[in-house]
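> Prediction below, plus the sequence it came from.
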Amino acid sequence: MVAVLRPFVAATAPVLDALREADPLGLRAKMAAAEERGESLAELEQVEPTLRRRLIDGLAAVRVPGSAGWQRMDAEERTAWWIHRVGRITALITAVPGLGGALADRFPVQDAVGAAAQGLLLCAIAGEHGVTDKADRVRLLAWVLFDRDVDRALAAGEQPEERRRIGELTEDLPGKPGGKMSLKALAVTLWRLGRTLLAISDELEKRPQGRLIYRMFGVFPVIGAPADYLSERSALKKAAKRARRWMQQHAGTQA
């Protein structure tokens, strides 16, 4: 498990950097331009209209890292920002597998992608609470997602092939800092991260799950995607609560 989570945690850093942008995927600007032309946004054609509008409106409402308002926010307020920012986007990708393109078609593993989305969110939350060491983040993910206590010395290790693996996981991201990331690039990257978790597939069912009512409706055609979206949003909030508990229990013990 640790050998899987170490490169996973390292690969989340450039993804989170891109998501800190005001309009991380250019969706708001593209949506406005498409509406002026009387067209739908090609990147979100597979998304049910109400769900699409909820995503766009949510992204428009959030504050931006680096702004004066952001500096006045405490760790919990920033955590809430990540739950809404990362949560809306990653829940959409998890609920609508087609956004991952051919990679998603070959690996239809919603649990793995859902776990990857939760792991990405947990790394963001950890950063806002001062948990920046990779080993501590590995331990956090192991406990929150899979209910496993991992020795810190083991979590801090690194194998030579892990560096190569990190490059493979992030190869679809922008090549330079500040570069604009497309929705497809994020979706493919999240699917790559999810695919790595298949190595510990027996653990995936332990991840925080969404509300039962959402999961029940998720199996039906048409309404399945919106229900899955709401289920993943609910699951992300549960993961965040578990993360707070872990950080409180380990306060002062991180490197």
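Right, received. Where do you want to start?
> the bottom helix or strand of this protein by mean pLDDT?
One helix or strand of the chain scores below all others by mean pLDDT, DSSP states H and E: helix 101-106, with a mean of 51.
> Report the rounded mean pLDDT for the helix or strand immediately after it in the chain.
Next along the chain after helix 101-106, taking DSSP states H and E as the criterion, comes helix 110-128. The pLDDT scores in helix 110-128 average 93.
> next structured bit after helix 110-128?
That would be, after helix 110-128 and using DSSP H and E, helix 134-146.
> tell me what that next one is packed against?
helix 2-19, helix 110-128, helix 152-156, helix 224-249 (3 or more Cβ pairs under 8 Å, 6 or more residues apart in numbering; DSSP states H and E). In this view, the C-beta of every residue, glycine as well, is placed from N, C-alpha and C.
> Chain neighbours aside, what residue packs nearest to the residue nearest in space to the middle of the chain?
The centroid of the chain falls nearest to A117 when counting by Cα atoms, centre = their mean (3.1 Å). Spatial nearest neighbour of A117, excluding adjacent residues (Cβ to Cβ, 6 or more residues apart in numbering): T90 at 3.6 Å.
> Repeat that for A13.
C123 (7.7 Å).
> OK, contacts around that neighbour?
Residues near C123 by Cβ atoms under 8 Å, 6 or more residues apart in numbering: V9, T12, A13, L16, R137, L141.
> picking up where we left off before, which stretch among the helices and strands packed on helix 134-146 comes nearest A80?
helix 224-249 (8.7 Å; Cβ to Cβ).
> Could you list every helix and strand that the closest one packs against?
Partner elements for helix 224-249 (3+ Cβ pairs under 8 Å, 6+ apart): helix 49-61, helix 75-95, helix 110-128, helix 134-146, helix 212-217.
> Which of the residues in the second one are classified as buried?
Neighbour-count burial for helix 75-95, counted by 16 or more other Cβ atoms under 10 Å, picks out 78-95.
> before we move on, back to that, let's have the helices and strands packed on helix 134-146 in JSON lines, adding distance to R211.
Shown next, in JSON lines, are those (distance: least, Cβ to Cβ, whole Å):
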{"stretch": "helix 2-19", "distance to R211": "25"}
{"stretch": "helix 110-128", "distance to R211": "14"}
{"stretch": "helix 152-156", "distance to R211": "31"}
{"stretch": "helix 224-249", "distance to R211": "5"}
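> Out of those helices, which gets nearest to R163?
helix 2-19 (8.0 Å).
> Mind giving me the packing neighbours of that closest one?
helix 75-95, helix 110-128, helix 134-146, helix 152-156, helix 160-169, helix 183-196.
> Would you mind listing the outside residues contacting that helix?
Here helix 2-19 makes contact (Cβ under 8 Å, 6+ apart) with 24, 85-86, 89, 116, 119-120, 123-124, 127, 134, 137-138, 141-142, 150, 154-155, 157-159, 162, 165-166, 169-170, 173-174, 177, 179, 181, 186, 189, 193, 196-197, 199-200.
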